[in-house]
Each structure stands twice: as C-alpha cells, then as structure tokens.
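Asker: would you be able to build a 3D model of this:
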Amino acid sequence: MEKAKRASGAVVNALPTGGANDVSLEEPKKIMREDWRKKKELEEQRKLGNAPAEVDEEGKDINPHIPQYISSVPWYIDLSKRPTLKHQRPQPEKQKQYNRSGDWYKQGVPEHAVAMRYRKGACENCGAVTHKKKHCMERPRKVGAKYTGMNIAPDEHVQPQLMFDYDGKRDRWNGYNPEEHLKIVKEYSKVDLAKWTLKAQKLQEELASGKLEQVNSPRHQWGEEESNLQTERDCKPIRGIVFAQGPGCTWWVMQKDGETRCVPQGDLILGENCV
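Answerer: Sure thing, here's the model as predicted:
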C-alpha cells in the first residue's frame, strides 16, 4: 500500500502549509563573497558617518557601532529578521506595576456604614457588597436579604493589595497623616494655657494679700544722665500676660519664661494672650 502511494506521487506526513503563524523551515541562503564584502564596506561607511544609519521598523536609527549579535532579531521573535532594537528594550507587558508613594492601607472603619436597602450585585443571603452568595460566611437565611430587604449585613473591611518598589517598602513616613500631630499640638497648647491661667490667679491672690511687693522699674531708679546707658533688652517692649494692675501706671506682667515683672504702662504691649 505504501509502495503504491509513493509510486503515485502522494506526499506522506507532509507539513501543513499556509497560515500567518507558519514557520518557514527553509535554510538561509548563502551569501556570496562579493555580497559579503559590500556589506562589510557599508558597515564601515556607516561607522565613519559617510553613509546613513540603518533604520528599524519604528523609523529610529540604529547605532552602527552596535554589534550584530545585539541588533539581529532571534527567529522566535520576528520572522522577518529585520534589524531592530525593540527586543532589547523593556517590554511593557512584562513590567511590574507598583503603587505610588501616597497609597496606603485603610485606617479605621466608618461608623454607621450599614445599608438600609438591598444593593444590586450584593450577596443574596446577607446583603453585603464585598462578597457573593457562595462566599458568604453567615448562616443561610430561609429568605435572603435580596427578597426581604431587612437585616442588611455591614460590608467587610477589605484591605487593598498594595505592591511597592524597593524605596516604597522602606519609606518610614508613608501612610503618615500630619493631621494626627495637630491634635497633639492643640492638646499641649491647652495644657500650657491652663498652667498660665492658674499661675496668674495665684500671683493675683498673692498681690491682693500683700505677700508680693512692688519692684520699681529700672527706668525710675536711674537718673536722667544714665538713661542712655540702658541695654537693648531693657529698651524692647515687654510682652506677656497681664494679670493685675499695680499702684500708679504700672502693671504686673508674667512673661513666657515664668518671671513676673512690674513694668510701666508705656513699655507694655497688650497681645491676644492677655487675661
């Protein structure tokens, strides 16, 4: 039977022909010596800049100094065997997609986040949107929430799947919320204000009882001839909390360093922190 087929000219075990993805099994044609010499001369002219550079499939020039084993395309990538550098560049479909620096996990759970009616696409058993009926972990209801619209279960707290690069994994400040620090600053400012108020009340009580005596200002103790010898610190206006008025035109002032001074009214600047 086989001899008859061979005699009739039939092809046995022939490869399928046609189709866009069929690989040609023909051997590359041998290059003649004259063609090889012309090819080498053209490469030398391109390296010297006397001939235009070779262009790839995207219209970009190929550096003539690149070796042939780099610019030549493997047969399993491109059957046209046209010189290109596309296979040497990073392939977009193979690049890993990382999250940006500002992305972080969910912090806290919103209060009263329970739906009052059934939502489309939610679990037919409990009514949560984060899973389907076959993944529901609650007790199977006789009549699901899809039909009753009652006792809708809250959505599950699902954390996002984040993928960071080398720097993102080691960023110690990623996910930090600066507003949390403002709460601490406001708390300490309230404590400082309460301390100042208590100390001002205590000094006012001592002044009223006569335990605290008035100290005259250095301006009144010095003479007119010594007025120019005052230091720059004494000439500056005094800021602080005014908590009592002394005899005459003087005021009792508590400064930020905790010291109290009796200063004339002209040297005092009343600020927003006055009591």
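Asker: confidence score at the residue lying closest to Arg119 once chain neighbours are set aside?
Answerer: Distance criterion Cβ to Cβ, 6 or more residues apart in numbering; nearest residue to Arg119, sequence neighbours excluded, is Val129 at 5.9 Å. No exception for glycine: its C-beta is placed from N, CA and C like everyone else's. Per-residue pLDDT puts Val129 at 91.
Asker: quick one: contacts for Val129?
Answerer: Contacts were defined as Cβ atoms under 8 Å, 6 or more residues apart in numbering; by that measure Val129 touches Arg119, Gly121, Ala122, Cys123, Asp155.
Asker: distance-wise, check the residue nearest to the third one when sequence neighbours are not counted relative to Lys120.
Answerer: Leaving aside its chain neighbours, Ala122 sits nearest to Val129 (4.7 Å; criterion: Cβ to Cβ, 6+ apart). Taking Cβ to Cβ, to the nearest Å as the criterion, Val129 is separated from Lys120 by 9 Å.
Asker: check Lys199 too.
Answerer: Distance of Lys199 to Lys120, computed by Cβ to Cβ: 64 Å.
Asker: Tyr69 now?
Answerer: Taking Cβ to Cβ as the measure, Tyr69 falls 59 Å from Lys120.
Asker: kindly report the same for Asn151.
Answerer: With distances taken as Cβ to Cβ, Asn151 is found 18 Å from Lys120.
Asker: and those two? Which one has more around it.
Answerer: Asn151 (11 against 6; other Cβ atoms under 10 Å).
Asker: pull the contacting residues for the residue lying closest to that one once chain neighbours are set aside.
Answerer: Closest residue to Asn151 apart from its sequence neighbours, by Cβ to Cβ, 6+ apart: Ala145 at 6.5 Å. Shown in contact with Ala145 (Cβ under 8 Å, 6+ apart): Tyr118, Ala122, Cys123, Glu124, Asn125, Cys126, Gly127, Asn151, Ile152, Ala153.
Asker: I'd like the residues you listed as a markdown table, with distance to Trp104 and secondary structure appended.
Answerer: Below are the contacts of Ala145 laid out as a markdown table (distance: Cβ to Cβ, whole Å; DSSP: H, G, I helix; E, B strand; the rest coil):
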| residue | distance to Trp104 | secondary structure |
| --- | --- | --- |
| Tyr118 | 32 | coil |
| Ala122 | 27 | coil |
| Cys123 | 28 | coil |
| Glu124 | 33 | coil |
| Asn125 | 32 | coil |
| Cys126 | 29 | coil |
| Gly127 | 29 | coil |
| Asn151 | 33 | coil |
| Ile152 | 29 | coil |
| Ala153 | 27 | coil |
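Asker: got a PyMOL select line for the buried ones in the residues you listed?
Answerer: Buried members of the contacts of Ala145, defined by 16 or more other Cβ atoms under 10 Å, are picked up in PyMOL with:
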select buried, resi 118+122+123+125+126+127+152+153
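Asker: low-confidence ranges in the stretch 151-275 of the chain?
Answerer: 212-275 (pLDDT under 70).
Asker: domain-wise, how is the chain divided?
Answerer: 30-95, 111-176, 184-222+229-269 (automatic domain parsing).
Asker: look at the second one and report the distance between its end residues.
Answerer: Distances were taken as Cα to Cα, to the nearest Å; on that basis the terminal residues of domain 111-176 are 22 Å apart.
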